[in-house]
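Undergrad: return a 3D structure for these sequence lines:
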Amino acid sequence: MNQLDRIKNLVLKKYDIDIVQEAVNGALDSGIEAKKILHESLIPAIYRGEELLKTNEMYIPELLVAARLMKAGLELLETADESLYDLKTTVVLGTLEGDLHDIGKSIVSLMLRAGGYTIVDLGVDVGYTQILDEIRKGEASVLGLSASLTTTMPHMEKIIQNIEEADLRKHVKIVLGGGPVTDIYAKRVGADGYGANSKEAVETIDRLLKL
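TA: So this is what the prediction gives:
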């Protein structure tokens, strides 16, 4: 097993930050570029974890641990190479009012960061005013909204309506996600895109921004 495959395997199966960081440092010391480690080990590890989640070969707590391990490795790469990212634009993320679930959004945030996006994470239980205030700053090109409860999904449509009423809709693409959310629902309420997982979210945002 080569060093890149080993790092990927460690992120998925060895729940120990020190071991992962040692492997990442070892790869860097051997001359492997930070970008190569990122794109051929760390990012694929999480995407593979999401695939395993679908088939019940991995469970949410294990995927969360893998994400923490990836983040630990990512921080080493960021220190080692200031030009690690091909910087893109800003994405605002938030879990809607009345919803305290943070798992999916946190993983999407991490993967967007790894993809070169600047992230403004508003957290959970985010209200309309907070979102509008952030969009008014004019720095974000994308708004990602998450709902893990069917009872909070209607807030998505209301947020989009508020953004339109504030004449801000043309400035921002809106992408929806979360357990009960579907592509059909996202289209119905006027969103620009949908991501069932972090891989789809990144690909959707890249596509919408033509990156």
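
Undergrad: now do the residue of the chain most remote from its centre, the pLDDT please.
TA: No residue in the chain sits farther from the centre than Ser30, which is 29.5 Å out by Cα atoms, centre = their mean. Here the pLDDT value assigned to Ser30 is 97.

Undergrad: quick one: contacts for it?
TA: Gln3 (Cβ atoms under 8 Å, 6 or more residues apart in numbering). All C-beta spots, glycine's among them, are computed from the backbone N, C-alpha and C.

Undergrad: again, but for Leu76
TA: Leu76 neighbours (Cβ under 8 Å, 6+ apart): Gln21, Val24, Asn25, Leu28.

Undergrad: that one: which element?
TA: For Leu76, the element it lies in under DSSP states H and E is helix 60-80.

Undergrad: pull that helix out as CSV, backbone CA atoms only.
TA: The C-alpha coordinates for helix 60-80 follow below in CSV (Å, rounded to 0.1, in the frame of the first residue of the first chain):
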residue,chain,number,x,y,z
ILE,A,60,-22.8,8.3,11.2
PRO,A,61,-20.6,8.4,14.3
GLU,A,62,-17.8,6.7,12.3
LEU,A,63,-18.2,9.2,9.5
LEU,A,64,-18.0,12.0,12.0
VAL,A,65,-14.7,10.6,13.3
ALA,A,66,-13.4,10.3,9.8
ALA,A,67,-14.2,13.9,9.2
ARG,A,68,-12.3,14.9,12.3
LEU,A,69,-9.3,12.9,11.2
MET,A,70,-9.5,14.5,7.7
LYS,A,71,-9.7,17.9,9.3
ALA,A,72,-6.6,17.2,11.4
GLY,A,73,-4.7,16.2,8.3
LEU,A,74,-6.0,19.1,6.3
GLU,A,75,-4.7,21.6,8.9
LEU,A,76,-1.2,20.1,8.5
LEU,A,77,-1.4,20.5,4.7
GLU,A,78,-2.6,24.1,5.1
THR,A,79,0.4,24.9,7.3
ALA,A,80,2.8,23.1,4.9
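
Undergrad: how far is that helix from where the chain is centred?
TA: Its chain's C-alpha centre and that of helix 60-80 lie 13 Å apart, by Cα atoms, centre = their mean, to the nearest Å.

Undergrad: before we move on, what about stretch 181-197?
TA: Averaging C-alpha positions (Cα atoms, centre = their mean) puts stretch 181-197 16 Å from its chain's average.

Undergrad: go on, stretch 167-186?
TA: On the basis of Cα atoms, centre = their mean, stretch 167-186 sits 15 Å off its chain's mean C-alpha point.

Undergrad: so which bits of it are buried?
TA: Neighbour-count burial for stretch 167-186 flags Arg169, Val172, Lys173, Ile174, Val175, Leu176, Gly177, Gly178, Val181, Tyr185, Ala186 (criterion: 16 or more other Cβ atoms under 10 Å).

Undergrad: since that was my last question, I'll sign off now.
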